[in-house]
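Novice: Any chance you could fold what I've pasted below:
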Amino acid sequence: MAALDAVLARIDANQEAALGRLFRLVAIESVSTDPAFAGECGKAAEFLRAELESLGFEASVRPTEGRPMVVAHAAGERPDVPHLLFYGHYDVQPPDPLELWETPPFEPRIVEAETGKRIVGRGVSDDKGQLMTFVEAARAFRETGGLPCRVTILLEGEEETGSPSLPAFLAANKPELSADLALVCDTSMWDRKTPAITTMLRGLVLEEATIESADRDLHSGMFGSAAVNPIHVLAKIIAGLRDDAGRITLPGFYDGVAEPPEEIVERWRALNFDEKAFLGAVGLSTPAGERGRSALEMIWSRPACDVNGIAGGYQGEGSKTVLPARASAKFSFRLVGGQDPQKIAASFRDYVRASLPPDCRASFVSHGASPALALPFSSESLSRAGRALQAEWGVEPALIGSGGSIPIVGRFKSDLRMDTLMIGFALDDDRIHSPNEKYELNSFHKGARSWARVLHALSL
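Specialist: Here you go, the predicted structure:
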């Protein structure tokens, strides 16, 4: 452990300089969605290339049709060590509304809070502070003898706009970017004192259904009851998607859905998640969804179906006695385990068609489909990373799921055939995408120490 101790000591000694580097990166206005900031995105990419090159990486800025990528490679101390791909993103959300910032968003600063010191600035948590924890860990290894494993770093500049250039870039550079394991830092801790490894991401099916009937909107006084109303039809279809126990009724919907191991469920119970506080924070009090399931189970390990929007008929002020000719709704299906996105979409469309009365027809638009992802609980990489985090934080890390999706992780699995360790040090109150975004100084410091421990553990 002498080598690791030296690395950790170097991270501690480097804190002031590390903060200076982070501040310089945060000061770059790398807003990816606005073409006016394209030059700033290029500036951020060049900053990171130079930093990585100074650490002995072979680093380059790669152009795309959108914002540039940064790719860097470094060899490990031995030829038999694992090859790891680290991913982060340097682009940020727009800072608007500017009037709600207490200080300028691209002038990072440290402030005192009840929980300790924190860094404030746009992108400091999502994702510049997070990615720099890994860079600072790599720096400490380089300054004390060398990295313990082969490392490739991929930093993109379009994550906040859906990564439109990423699929083509991965396809064109597949041999170069393929590794034994991917590492992603764009996630959070369980709480301020408990690190977390995100082991599951739900998949997603997005469908839009439109029901049409008459060839035009009708007068409800003249045609009401005599003519079919597409809104009534759509409402009945929506209501029929769930039974009284909260289960989804689509045929074959639960094919491929497995229960998580009991030991994992026990670890979730041990987290003492406060369902009342969770719902109370958004003005609710009673859990919905599958009867007999905890909120964490429903969010992390169970599939879901939600209606995200409904349109039909008159939407203006006041009243209009119209019987609409069409109605539509947008649906999202969150998937887990081995659920097949294409089969779910097909089952949904079959269900809608089978529910149509005479004189109605349905049309559909797909807005995307992706499978769920899970790191096997038996994974040796997961075990090693867990022990490394426990050594740093003094508590066993929470093995958590995510109710949402991280597209890059899906791409790593489908395109590069890699599993991903998702370890981040953000907190729920970091105000990402909001004014006065912050990152705890403790997250930045111990995040770098954590990555050093994880790299060391994965190289043994």
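Novice: In three-state terms, label the closest residue to Thr420 other than its chain neighbours for me.
Specialist: Of all residues not flanking Thr420 in the chain, Ala182 sits nearest, at 4.2 Å (CB to CB, 6 or more residues apart in numbering). (Glycine included, C-beta is placed from N, CA and C.) Recorded secondary structure, Ala182: strand (DSSP: H, G, I helix; E, B strand; the rest coil).
Novice: Surely Ala182 touches Pro82?
Specialist: No - using CB atoms under 8 Å, Ala182 is not in contact with Pro82, being 11.5 Å away.
Novice: Those two: which is more packed in?
Specialist: Higher neighbour count among Ala182 and Pro82: Ala182, with 24 against 17, using other CB atoms under 10 Å.
Novice: one step back: for the residue nearest to Thr420, give its distance to Ile153.
Specialist: Distance, Ala182 to Ile153, using CB to CB, to the nearest Å: 11 Å.
Novice: Likewise for Leu284?
Specialist: Applying CB to CB to Leu284 and Ile153 gives a distance of 42 Å.
Novice: Which one of the two is surrounded by more residues?
Specialist: Comparing Leu284 with Ile153 by neighbour count (other CB under 10 Å), the higher total belongs to Ile153, at 24 against 11.
Novice: Bridged to the more buried one, which residues?
Specialist: Ala72, Phe86 (DSSP bridges).
Novice: contacting residues for it?
Specialist: By CB atoms under 8 Å, 6 or more residues apart in numbering, the residues touching Ile153 are 52, 57, 59, 70-73, 85-88, 134-135.
Novice: Show me the strands in the stretch 1-150 of the chain, by range?
Specialist: Assigned by DSSP state E, counting those that start in this stretch, the stretch 1-150 of the chain shows strands spanning 58-62, 69-74, 83-89, 109-113, 116-120, 150-156.
Novice: relative to strand 83-89, how tilted is the last one?
Specialist: Put simply, strand 150-156 runs at 20 degrees to strand 83-89, going by axes from the mean of the first three to the mean of the last three CA atoms, to 10 degrees.
Novice: quick check: angle from strand 150-156 to strand 69-74?
Specialist: 170 degrees.
Novice: Just the C-alphas of strand 150-156, formatted as CSV.
Specialist: Extracted C-alpha coordinates of strand 150-156, given in CSV (Å, rounded to 0.1, in the frame of the first residue of the first chain):
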residue,chain,number,x,y,z
ARG,A,150,-3.9,1.5,-19.0
VAL,A,151,-6.2,4.5,-19.2
THR,A,152,-8.1,6.0,-22.1
ILE,A,153,-10.0,9.2,-21.5
LEU,A,154,-12.9,10.4,-23.6
LEU,A,155,-14.4,13.8,-22.9
GLU,A,156,-17.2,15.1,-25.1
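Novice: Please enumerate residues in contact with the helix or strand following it?
Specialist: As assigned by DSSP states H and E, the chain's next helix or strand after strand 150-156 is helix 166-172. For helix 166-172, the surrounding residues in contact (CB under 8 Å, 6+ apart) are 62, 64-65, 69, 156, 158, 177, 407-408, 411, 415-416.
Novice: Show me which pair in those residues is furthest apart.
Specialist: Glu65 and Leu416 (20.6 Å; CB to CB).
Novice: Relative to its centre, which residue of this structure is most distant?
Specialist: Distance from the C-alpha centroid of the chain peaks at Met222, with 51.2 Å (CA atoms, centre = their mean).
Novice: Could you tell me whether that residue really is in a helix?
Specialist: Yes - checked against three-state DSSP, Met222 lies within a helix.
Novice: per-residue pLDDT, it?
Specialist: Met222 is assigned 94 on the pLDDT scale.
Novice: What distance do you get for it to Arg49?
Specialist: Using CB to CB, Met222 is found at 70 Å from Arg49.
Novice: go on, Asp215?
Specialist: Relative to Arg49, Asp215 is positioned 60 Å away (CB to CB).
Novice: Mind checking which of these two has more residues around it?
Specialist: More crowded of Asp215 and Arg49, by other CB under 10 Å: Arg49, with 20 against 7.
Novice: Could you measure from that one over to Cys185?
Specialist: 18 Å.
Novice: how about the residue nearest the centre of the chain, what does it touch?
Specialist: In the chain, the centroid-proximal residue (CA atoms, centre = their mean) is Ile406; its distance is 3.7 Å. Ile406 makes contact with 184, 186-187, 201, 422, according to CB under 8 Å, 6+ apart.
Novice: How about the contacts made by the residue nearest to Thr420?
Specialist: Ala182 makes contacts with 84-87, 409, 412, 416, 418-421, as judged by CB under 8 Å, 6+ apart.
Novice: Compare these and tell me which is most surrounded.
Specialist: Busiest of these [other CB under 10 Å] is Tyr87, holding 27 neighbours.
Novice: doesn't Pro407 make contact with it?
Specialist: No - the criterion here is CB under 8 Å, and Tyr87 misses it with Pro407 at 11.3 Å.
Novice: shaky segments in the stretch 301-450 of the chain?
Specialist: For the stretch 301-450 of the chain, no stretch has pLDDT under 70.
Novice: Quick one: the helices in it, in order.
Specialist: Applying DSSP state H, counting those that start in this stretch to the stretch 301-450 of the chain gives helices spanning 341-354, 380-393, 407-416, 441-458.
Novice: Highest mean neighbour count out of the ones you listed?
Specialist: helix 441-458 (a mean of 24; mean count of other CB atoms under 10 Å).
Novice: List the contacts of stretch 28-48.
Specialist: Contacts for stretch 28-48 (CB under 8 Å, 6+ apart): 24-25, 59, 61, 66-70, 90-95, 106, 123, 135, 155, 157-161.
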